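> Quick one, what's the 3D model for this:
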Amino acid sequence: MTVLPDDGLSLAAEFPDATHEQWQRLVEGVLRKSGKDVSGPAAEDALSTALEDGLRTRPLYTSREAAPDPGLPGFAPFVRGGRAEGSTAGGWDLRQRHTALTDGLVLADLENGVTSLWLVLGEGGIPVSSLGRALEGVYLDLAAVVLDAGADVEPAARELLRQYEERGVAKVAARGNLGADPLGHEARTGTSSQFAPVAALARQCAEEYPGLRALTVDALPYHEAGGSAAQELGSSLATGVAYLRELTEAGLTAEQACAQLEFRYAATADQFLTIAKLRAARRLWARVTEVCGAPSAQVQHAVTSPVMMTRRDPWVNMLRTTVATLAAGVGGADAVTVLPFDHALGLPDAFARRIARNTSTILIEESHLARVIDPAGGSWYVESLTDELARAGWAFFQRIEQAGGQAAALRSGQLGQDLAETWQARTGKLAKRREPITGVSEFPNLTEPPVERAPAPEPRSGGLPRVRRDEAYEALRARSDAHLAATGSRPRIFLAALGPAAAHTARLTFASNLFQAGGIEPVTEGTFEESGATEVCLCSSDALYEEQAEAVAAEFRSAGATHVSLAGRPGQYTDVDSYVFAGCDAVAVLSAALDRMGVS
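Here you go, the predicted structure:
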């Protein structure tokens, strides 16, 4: 009997190690079968995915990928976390957002897992004078309170401090953030404000309230204006640096100034990009504070992205926010806000708020996500993406500084132009469905009844725009809804399947999804004359198109069809008016179809 050595890998001991070049040759063979004759590194590039900021995701990462040492949690450059213990003690801070004064909701959140409150006050939120009522029944020495008061930051902060005093909360027990963010407010509204009152609040917090911070560096305005991850990082760094300059000029030490800032970032359903963004943000801020002579960790509040939330099929938002929350937790966020799935529709109901709360609770308590600090650390992909994103974010930060700083970049319009250009490029991908939106541009459900909610307060506006991924398709669906209300039926198109199922199924499914994304009801049963449609789309294989497309198109024209399209790449069929195919500008195709159908 042969005794195998107990090395744990004995079964592979006799096999030579595979090389990167061998793997590339296997990829070459697969690509060749799909019609791509590429070799070597080009074969690997063919499977790469372009990201924003000039980054690319490659199909394979190995130990050859070079990235700086991320260090250890609690030590510079804080890539692996700002605290040595991470979130292992009890998970991250569950922070829920409130924009309206609704009796019972704040306490319901706190009684069911929420550990801190994010209150929007003043314009677009709860009246400052009602802050005491909003906090009625809240143990202010246990629950941290984070304010977001825009131009009303000074009276809102004074009111919160008064509440602490009236309720006998010791100054050392008060925790949270007064939420001052003059540049963030300017980005939202286009209105500038004086920094002196903010500096006074920061000084008071530094001297009297060790658990309170005065300022929030909110990167959401740049994310919601269509900015990329690197632009979000660069804008937050430029804002943070501007605040450090103001605070130290007002007499705070560098250490005191750094301790007054908390950063807010968007967490998206792009899991790895969110993880890398939060890790890169800590690394970049560590570099800034090192130069200031007060090396410190960045405190992070992650919010599930409003940009990714859809109004149609909003139930899918639960899945998006779950992935985003997982990414925020793995990325090391100190606090996480999960926006309810109906956030884009108005005021969330109790069910939506409960699901939002429980998203974090499940990830912490049942998935045990917080038991390991930086569980993505050491992944060749994550470490490489963190490094590349940090470099791209730093480059954008330098661009802003060269323009005179964050305030100057905002007021000159340069920052807004940069964000708009990024969003324009992304809009093209959305229109072509290269960036799919499940339930909207992919697999929409025209028969689903709309989800209705009470209107939420109008958010602050006047500065950078707020964009949504679904906005172009939402406009198309709104046209279809208006047609339905006026006529009792949606605009329709007859999908003509040619040949056996094997020949037409794929393109029939594609065309059905495409037209429903624009609110156009596909009809596949019965005859064209019975369908109530005025247009036809042919669906089959290229071979059958060669044999039948022109003749069948002519027959439908004789039957009254005003427009005949074909699902597939453009060909030379004289009786076909247009083509729909993967990569076509779906928004333009659908808008033109609605125009032809008389849907305004």
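
> switch to C-alpha atoms for all contacts and neighbour counts from now on
Fine.

> which residues of the stretch 51-200 of the chain fall in strands?
56-57, 93-98, 116-120, 144-148, 176-180 (DSSP state E, counting those that start in this stretch).

> Kindly compare burial across those strands and name the winner.
With neighbours taken as mean count of other Cα atoms under 10 Å, these reach their highest mean count in strand 176-180, at a mean of 26.

> Partner strands of that strand, with direction?
Next to strand 176-180 in the sheet, as set by DSSP bridges, lie strand 144-148 (parallel), strand 212-218 (parallel).

> before we move on, back to that, could you dump the strands of the stretch 51-200 of the chain into TSV and include distance to Ala257 and mean pLDDT?
Formatted as TSV, the strands of the stretch 51-200 of the chain follow (distance: least, Cα to Cα, whole Å; pLDDT from 0 to 100):
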stretch	distance to Ala257	mean pLDDT
strand 56-57	37	92
strand 93-98	23	97
strand 116-120	22	98
strand 144-148	18	98
strand 176-180	13	98
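
> between these, which gets nearest to Ala554?
Proximity of the strands of the stretch 51-200 of the chain to Ala554 was assessed by Cα to Cα; the nearest stretch is strand 56-57, lying at 46.4 Å.

> How many neighbouring residues does Ala214 have?
Neighbour count for Ala214, taken as other Cα atoms under 10 Å: 29.

> And the strands in the stretch 251-400 of the chain, which stretches?
Using DSSP E, counting those that start in this stretch, strands in the stretch 251-400 of the chain cover 261-267, 300-304, 335-337.

> mind putting the ones you listed in TSV, distance to Ser116 and mean neighbour count included?
Putting the strands of the stretch 251-400 of the chain into TSV (distance: least, Cα to Cα, whole Å; neighbours: other Cα atoms under 10 Å) gives the following:
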stretch	distance to Ser116	mean neighbour count
strand 261-267	14	26
strand 300-304	11	26
strand 335-337	9	26
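
> To Pro459, which of the ones you listed lies closest?
For Pro459, the closest of the strands of the stretch 251-400 of the chain is strand 300-304, at 16.3 Å, according to Cα to Cα.

> Can you list the strands that that closest one pairs with?
In its sheet, strand 300-304 lies beside strand 261-267 (parallel), strand 335-337 (parallel), with partners assigned from DSSP bridges.

> ok now the last one, how far from the chain's centre?
It refers to strand 335-337. 14 Å (Cα atoms, centre = their mean, to the nearest Å).

> Not counting its own residues, what contacts that strand?
92-97, 300-304, 325, 328-329 (Cα atoms under 8 Å, 6 or more residues apart in numbering).

> Work out which residue lies at the spatial centre of this structure.
Geometric centre of the chain, nearest residue: Thr268, 3.0 Å, by Cα atoms, centre = their mean.

> Now mean pLDDT and distance to Phe351 too, for the strands of the stretch 251-400 of the chain, in JSON lines please.
Converted to JSON lines, the strands of the stretch 251-400 of the chain look like this (pLDDT from 0 to 100; distance: least, Cα to Cα, whole Å):
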{"stretch": "strand 261-267", "mean pLDDT": "98", "distance to Phe351": "22"}
{"stretch": "strand 300-304", "mean pLDDT": "98", "distance to Phe351": "18"}
{"stretch": "strand 335-337", "mean pLDDT": "98", "distance to Phe351": "16"}
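
> residue contacts, the residue nearest to the centre of the chain?
Neighbouring residues of Thr268 by Cα under 8 Å, 6+ apart: 274, 304-305, 308, 320-321, 323-324, 327.

> re the thing from before, make a markdown table out of the strands of the stretch 251-400 of the chain and add distance to Leu121.
Formatted as a markdown table, the strands of the stretch 251-400 of the chain follow (distance: least, Cα to Cα, whole Å):
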| stretch | distance to Leu121 |
| --- | --- |
| strand 261-267 | 17 |
| strand 300-304 | 18 |
| strand 335-337 | 17 |
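
> Glu388: which of those is closest?
In terms of Cα to Cα, the element of those nearest to Glu388 is strand 261-267, at 18.2 Å.

> excluding its backbone neighbours, what's nearest Ala294?
Using Cα to Cα, 6 or more residues apart in numbering and skipping residues adjacent in sequence, the residue nearest Ala294 is Glu255, 5.3 Å away.

> That neighbour reaches Ala297, doesn't it?
No: at 11.2 Å, Glu255 does not count as touching Ala297 under the criterion of Cα atoms under 8 Å.

> nearest to Tyr545, of the contacts of Thr268?
Closest to Tyr545 out of the contacts of Thr268 is Met308 (38.4 Å), distances taken as Cα to Cα.

> For the closest one, grab the count of nearby residues.
20.

> mind listing what it touches?
Here Met308 is in contact with 268-269, 320, 468-470 (criterion: Cα under 8 Å, 6+ apart).

> show me where pLDDT drops low in this protein?
Applying pLDDT under 70 to the chain flags the ranges 1-13.

> which helix in it runs the most residues?
For the chain, the longest helix by residue count, based on DSSP state H, is helix 380-402.

> partners of Thr438 in the sheet?
Applying DSSP bridges to Thr438 yields these beta-bridge partners: Glu442.
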